[in-house]
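Student: Let's see this in three dimensions:
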Amino acid sequence: MDPKHLRFDWTRRPGLKWGLLYVLLTVLLLAVYWPSLRGGFIWDDHDNITGNASIRSFDGLGKIWGQPGATMNYYPLFYTSFWLDHQMWQGRPLPYRLQNLLLQAACALLLMILLEQLRVPGALWAGLLFAVHPICVESVAWITERKNLLSLLFYLASALSYVRFAGLGNEPSDARMQRKGAYLAALGFFVLALLSKTMVVTLPAALMVLLWWKRRLGDRLLWLSLVPFFCLSALAAEVTIWMESHQLGARGEDYEFGWIGHLIIAGKVVWFYLFKTLWPGEQMFMYPRWQIVEDPWNLVWPLSFGLLLLGCLLACKKIGRGVFVALALYAGTLFPVMWFFGGYMIRFSFVGDHLCYQALPALFALAGAALAQLPGPGLARTVPLLLVGIFSWLSFHVAGEFLSDESVWRDTLEKNDASWIAHHNLAGILRARGEISQARFHYRTAVIYNPKLAEAYGNLGSMAAEEGHLGRAKSQYLLGLRSNWPNGKIQYNLGNLYLQEGKPQMALIHFRNAVEIDPSFAAGHAGLAYALTQAGDRASAIGPYLRAIQLSPKTPAYYRNLAVVFWETRQHPQTRAVLEEGLRQIPGEPTLRDMLGRLPAATHQPR
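Tutor: Numbers count the residues shown, from 1 in each chain. Next up is the predicted model:
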């Protein structure tokens, strides 16, 4: 029998081929990420998942979609996935981590399919290298970075649909209805990608590059088809820039650079990620923040990459258009994290492994094509497999660092001792554990590296206050106020200090500052109300107490104190109403139940 007849023709069963590849990718990633699967939530996982009220209630789903500001960023599809997870898993981290792993396998598979459609050689190796590369670990092992995985998944799906619509791949859509369906799918997937993370706003420009590559840029229909994509990108970018500035506070001198400074940052960013991908050395959660010196010599960073692109463009006749296309897609996708429009992350570092995730497929496509050109079948298989093995081994070790807050921050400090955010966050962990002297050391180290870190001064002050050193506490709070970073909690703590010193008028100033800085600060409103009562203005305290209850309806002290104010101002029906509302919100609360039980006798008046 001819051995050729025993071979399976995968071209007739592409679904089976891709299905088996997905299973194999999943098994491989399970092995690579095994050390991280027993880990918990880290850093802003607590803000996005465990401490996010919007994902813990059924009405929170409406806030996720209809109330920008209810979550850290307006990425409603991303937060909806966490909302669904909370309903099923109730805060157990393992299912979240497994889902990230499955999404990474899906992204790698879609990259293979897209590259095969575009007739790029080495599509299999490109997808495999992308799946296991250490620079992707942060996006997979850090649960919050699911937004990277979701956005790239829909980004690739949109690009694949558009390739079919435009007839750029192996399966051109000749029928009109097929083309229409492919176009609507591309647009729909792009919307889903934007709703997951707006890093993908560069997709329309990427599709234009693909049209140029395939010599279809002169097609007027294809030009017009991209107009809705660009409009959606502009809208999403505007929303994100506003949210970063107003919701996360990404404004001020830490985020401002001259035009030369911005060009230097852009050049360093693009070279940093390129070198980190080619030579994945020491990975760290928080890289050192560069000192940007507006020296014309530092323009060598953007100019050198610009010359590289220009050289590849001029050499297209000799080496083809592919190299230029890959590098242009890589750099273009990085544009949102070149920080021309600011961004909260700049406060800590200009670079991070998770920030380049969406730009990586272009580099791996280029790497896969280069590996496919190796001479001889033996070398063409051995070198890629060796790289997959090396990257898997490196990722296995990096994944083991993403177990807990403490493991992440200690690993960061081993590699970057000047990371003030690592010192500050590790101090908080140690303080909660009762290791006060070590916590104080790390808080003090944090303000050495960042003298404007109001949070650290505030924590040093509150620690001193807990130990009874009110003078030292006050001096730390005042240092925090001089940091030019508005901090409502420091104002609140200063207000409490002045109350302890018997100075309610001074306390009122700081409590008012606290709620002005953060109108959603429930304790600030309650502190203001209490200071008003101490200053003898009980009637004015009612409004702040009501606001505190509105913001934090499960805090019994607010109902108790407001009831006392109503009683002392002879508003007895309101006293009862407040206590009854408190028991409705916190059934069985003993203090409120006792106060309500004593009301009838106290308010009884003989006829």
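
Student: Going by C-alpha atoms from here, please, whenever you check contacts or count neighbours.
Tutor: Fine.

Student: And for Gln534, the neighbour number?
Tutor: Neighbours of Gln534 under the rule other CA atoms under 10 Å: 18.

Student: and the gap between it and Trp259?
Tutor: Note on Gln534: its distance to Trp259, by CA to CA, to the nearest Å, is 53 Å.

Student: hey, where'd the helices end up in the stretch 201-350 of the chain?
Tutor: The residue ranges that make up the helices of the stretch 201-350 of the chain, judged by DSSP state H, counting those that start in this stretch, are 203-213, 220-225, 227-242, 259-278, 300-314, 316-319, 322-333.

Student: pLDDT below threshold where in the chain?
Tutor: When the per-residue scores of the chain are filtered using pLDDT under 70, the ranges that remain are 1-14, 171-177, 246-254, 484-486, 600-607.

Student: Which strands or helices does the longest helix along it pack on?
Tutor: Using DSSP state H to define each element, the chain has its longest helix at helix 93-117. With contacts defined as 3 or more CA pairs under 8 Å, 6 or more residues apart in numbering; DSSP states H and E, helix 93-117 has these neighbours: helix 14-32, helix 123-132, helix 137-141, helix 146-166.

Student: Try it again at 10 Å.
Tutor: In terms of contacts (3 or more CA pairs under 10 Å, 6 or more residues apart in numbering; DSSP states H and E), helix 93-117 is packed against helix 14-32, helix 76-89, helix 123-132, helix 137-141, helix 146-166, helix 360-372.

Student: So what angle separates the directions of that helix and helix 76-89?
Tutor: With axes from the mean of the first three to the mean of the last three CA atoms, to 10 degrees defining the directions, helix 93-117 sits at 140 degrees from helix 76-89.

Student: Would you mark the buried spots in helix 93-117?
Tutor: Neighbour counts using 16 or more other CA atoms under 10 Å place 93-94, 96-117 of helix 93-117 among the buried residues.

Student: got the angle between it and helix 14-32?
Tutor: If you take the same axes, to 10 degrees, helix 93-117 sits at 140 degrees to helix 14-32.

Student: So Ala206 is in contact with Leu156, correct?
Tutor: No: taking contact to mean CA atoms under 10 Å, the distance of 11.2 Å between Ala206 and Leu156 leaves them out of contact.

Student: how about the helices of the stretch 501-607 of the chain, start to end?
Tutor: Secondary structure of the stretch 501-607 of the chain by DSSP H, counting those that start in this stretch: the helices cover 504-517, 522-534, 538-551, 556-568, 572-585, 590-603.

Student: number of nearby residues for Gly62?
Tutor: Other residues within reach of Gly62, judged by other CA under 10 Å, total 14.

Student: quick revisit: neighbour count for Ala206 and Leu156, which is higher?
Tutor: Neighbour totals were compared for Ala206 and Leu156, and Leu156 leads with 25 against 20 (other CA under 10 Å).

Student: do you know how far that one is from Ala359?
Tutor: Here the criterion is CA to CA. By it, Leu156 lies 12 Å from Ala359.

Student: just Ala370 next, same as before
Tutor: Going from Ala370 to Ala359 by CA to CA gives 18 Å.
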